[in-house]
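> Only the shape, not the letters, is given here:
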C-alpha cells in the first residue's frame, strides 16, 4: 500500500503532467474507440442494406444462363439470338416455345381472347433432380429449387394472319396489328419447404404473411411485391388471377437491393404446372455449412454441372458501391491507420513525459536507491505511477470515445449503397421490384468490450511508458543521481 | 569496519579526467565517529559515496567488514545500503509529497517488515528525534532542522551499523546545526553506531574524536592516527600561503609555482612540515618543482580555513 500511496501522492504533486499524459493516452484511445465503433456501425449498416442480397440464408445459387458468346457480347432480344450457338438457340427456343402462340388457337380473327404465357427469357431450366444433387454435395447444408419466369398476360381481339412465314403466330407484328393489350410480370415459384432459400424470404414480408408451410395450402396463395401490388391497387386478402387461376394475396414483400425483378411469388409446384414446366427449375439456391466453405462448394458444383453458373453471395456483395461502402473502406483503411498512429503517438508522448519526469526526479530516485530500494522497486514505482496515468487516460478515453460515438449516432449521417442493375443473366439473390440503391443512417455502436479494449490499450500504453521510464530510473547510478542538481 | 587501500576515483575519460581521489588510505573502526574535512573539491563526498556503496572506486580497494565492495554486484550493494548503512544528506532529500512518517518509512518499504511493525518503528524514531507531534506534516511544513531530524530518523529506520552523513549541517543555521550534530553524537555514543560525517565547517572537526583532512584527493591529515594535533602555523606563513593558494585558483592547480610563491610554500613547510602526515610529505617532497596544487595541499594540512576557494 505504501507504493500505491506514494504513487498517488506523486501524481497529485505533478497534476499538470499527469493530466497531460492521461489526456494524450485518452485521445489515442478515444480515436481507437470511435474508429472501431464507426467500423462496427458501418458493418451493421452494410449488413442491413445488403441483407436482401446476402441475408436470405443463401450462400450460393446455381443457374443455367444462356452462354455468352465468344466475342463477349451478351444476348439481346433484338439480336434474335443470332449470336448464340445453334445448340443454345434450340434450348432457348424450347424454353420460350410457349410464347409462340398460333393465332388459330386463339379463335377466329376479331374474336375476343385472353391468355397467359410463361417464358424463361435467358434463364434455361433444368431438371429439379439437380436440387437433390446439389443438396448432397459436401459442405452443402440445404438446397432448394426455384423457378423464375416472365408471365405475360395477353388480352384483346384475334388479329388477321399476316402473309409470309410465321405470319400465323402471335408475334410482335401481330400484336401491333391487332387490338391487343399485354401485361408482363415476373413470377417466381418458391419451395415452401425452404422459405429461407426462396426467391422471397419471410424477413421481406412487410404486410400480411408468408406462404403456408404446407404445399397444399400454399397452392392457392400468392405474395406480391409491394410496388406491383400498389400499381395494381391490390391488398392483402384480395384475389389475383395468374395463368387463369385465382390466388389469394397473403402477403406483400419489400423490394431487395439489386436482384431480379419479381412481382409475384407462388408455390413452386403450382407455377411449374401453370407454366408447363413440371419437374423443372431454373435456379438452385443452397446454403453452405460454413462461410469459408462457399468458394470450394461453388467450384465443386460448377465442375459437376457443365454449363451452370454458380454465384456466391460475397461475389454479389462485392458489386455494391456507394457512400456506405466508401465510408466503410475509409474507416477500415484511413480510420484504422489514424487510430494506430494516434495510439502510437499517445504512447510515445507518454513515454517522453515519463522520461522527462524521471529526469526531473533524478535526485529523488537516487535517494530511494541510496536508501536501499532495488532497481526493481524503482521500476515498480515509476511504472505504477505510469499505470495509474494509463488507467486515468483509459477512463477519459473511453468516456470520450463513447461520447464521440454517441455524437455520430445522434447526427446519423445518411449513407447510401447501390448495386449494379440486374440484367440478363438475372441475379438469383432476392427478387421482387429491383432496387438499385438504398440508404441508411450511420450509427456508431459502443459495446462494453470496446470500452474495456480502450481502457486496456491505455493501460498498456501506460505500462509501456512506465517500463521505459522505470528502466531508465533503475539504471541511474546512485552517486550520479545524488549529484544531480534540480 | 572500513578499510580503504590506495583508493583512486577518476571521473571522465583521459582527455578531461577529474581525479577526485588519488590513492587514499583510511581505516574506520566499529563504533567510531569520524569527521572528514577538507575544502570543496577535495574528495570528501566521493569518499563517503565509496564507503556507502553508492559509487565504485576506479582503483584500489574499499572493504566493509572484510567484503571488498568493488567485488559486490549491484544487488548486494543495494542490500548493504538497505541493511547496514544509513544516509543523511545536506539537502535532506526528503520526498516532498510524503509526510514525515512516510519519509521515515521509505527504507522500511523496501523490506519485508509487516506494516504494523513499520508503523511502530517510525513512531519510535520520530519520537526519539523529538518530532512525535510532526508525523503527519509534509517536509514543506517543517523547518530545516526538523527536516534534517526526519532525515536522521529515516537513516536509522533499518538499524544501520554506520551512519554516513554528507554535510548534514550545511543547510542549517549554527544552533540548529549544533542540535543535529548533537543527535549524531548521541547515536554514536549511546547506540554505538559508527558515524562518518563530512563537513567543511572547521568547528565540527575540532570537536570530533577523529578528524581526517582531505586536499586535492589525498588524505593530508588524520589527527587521531597521527597522535598529534596540527600546531598553529606562524601567522605570516599562513597568510603568505593563503595568497599563493588564491593565485592558484586563478592560474590553475597544475601550474608550477613562481619563484616567490615557491619560497612562501617552502617557508610554511619548514615551519610545520614535520607535522604533516607521511602521505602529504611524500606528495609534496617527491618532486623538485612544486605546483599550486601542492600549495593547496600544504595549506589544507596547516590551516583548514585556507580554502582553495573553488
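On my side now, so go ahead. Model, not experiment: these values are computed from the prediction.

> In stretch A:452-464, which of the residues would be classed as buried?
For stretch A:452-464, burial by neighbour count (16 or more other Cβ atoms under 10 Å in any protein chain shown) applies to A:453, A:454, A:455, A:457, A:458, A:459, A:460, A:461, A:462, A:463, A:464. C-beta: built from backbone N, CA, C; applies to glycine.

> and the third one, backbone torsions?
Spelled out, that is residue A:455. Phi and psi for residue A:455, reported as degrees, to the nearest 10, are phi -60, psi -40.

> Check residue B:61 too.
The phi and psi torsions at residue B:61 (degrees, to the nearest 10) take the values phi -130, psi 140.

> Check what pLDDT it gets.
Per-residue pLDDT puts residue B:61 at 89.

> Next, count neighbours for residue B:194.
As a burial measure, residue B:194 scores 22 neighbours (other Cβ atoms under 10 Å in any protein chain shown).

> burial count for the closest residue in space to it that isn't next to it in sequence?
Nearest non-adjacent residue to residue B:194, counting by Cβ to Cβ, 6 or more residues apart in numbering or on different chains: residue B:162, 4.1 Å away. Residue neighbour count, defined by other Cβ under 10 Å, stands at 25 for residue B:162.

> Equivalent analysis for residue A:39, please.
With other Cβ under 10 Å as criterion, residue A:39 counts 19.

> Next, it: secondary structure please.
At residue A:39 the chain is in helix, as set by DSSP: H, G, I helix; E, B strand; the rest coil.

> how far away is it from residue A:409?
Distance, residue A:39 to residue A:409, using Cβ to Cβ, to the nearest Å: 14 Å.

> Doesn't residue B:179 belong to a helix?
Yes - under three-state DSSP, residue B:179 falls within a helix.

> Isn't it up against residue B:145?
Yes - at 6.0 Å, residue B:179 counts as touching residue B:145 under the criterion of Cβ atoms under 8 Å.

> correct me, but residue A:375 touches residue B:74?
Yes - at 7.1 Å, residue A:375 and residue B:74 qualify as touching, with contact defined as Cβ under 8 Å.

> where do the contact lists of the two overlap?
Residues touching both residue A:375 and residue B:74 (Cβ atoms under 8 Å, 6 or more residues apart in numbering or on different chains): there are none.

> For residue B:179 and residue B:145, indicate the residue with more neighbours.
Between residue B:179 and residue B:145, residue B:145 has the larger neighbour count (other Cβ under 10 Å), namely 20 against 17.

> quick one on the thing from earlier: which pLDDT does the model give the residue nearest to residue B:194?
At residue B:162, the model reports a pLDDT of 91.

> Next one: it relative to residue B:31, how far apart?
Residue B:162 sits 9 Å away from residue B:31, going by Cβ to Cβ.

> what touches both of these two?
With Cβ under 8 Å, 6+ apart as the test, residue B:162 and residue B:31 both reach B:193, B:194.

> OK, contacts around the residue in the stretch 1-150 of chain A positioned nearest to chain B?
Closest to chain B within the stretch 1-150 of chain A is residue A:9: 3.7 Å, counting by Cβ to the nearest Cβ. Residues in contact with residue A:9 (Cβ under 8 Å, 6+ apart) are B:97, B:98.

> So it: helix, strand or coil?
Residue A:9 is classified as helix under three-state DSSP.

> returning to that earlier point: need the residues touching each of residue A:39 and residue A:409.
Between them, residue A:39 and residue A:409 share no contacting residue, judged by Cβ under 8 Å, 6+ apart.

> Can you check the pLDDT for residue A:252?
For residue A:252, pLDDT reads 93.

> For it, list the residues it contacts.
Contacts for residue A:252 (Cβ under 8 Å, 6+ apart) come out as A:205, A:206, A:207, A:208, A:223, A:224, A:225, A:226, A:229, A:236.

> Among these, name the buried ones.
Burial by neighbour count, 16+ other Cβ under 10 Å: within these this picks out A:205, A:207, A:208, A:223, A:224, A:225, A:226, A:229, A:236.
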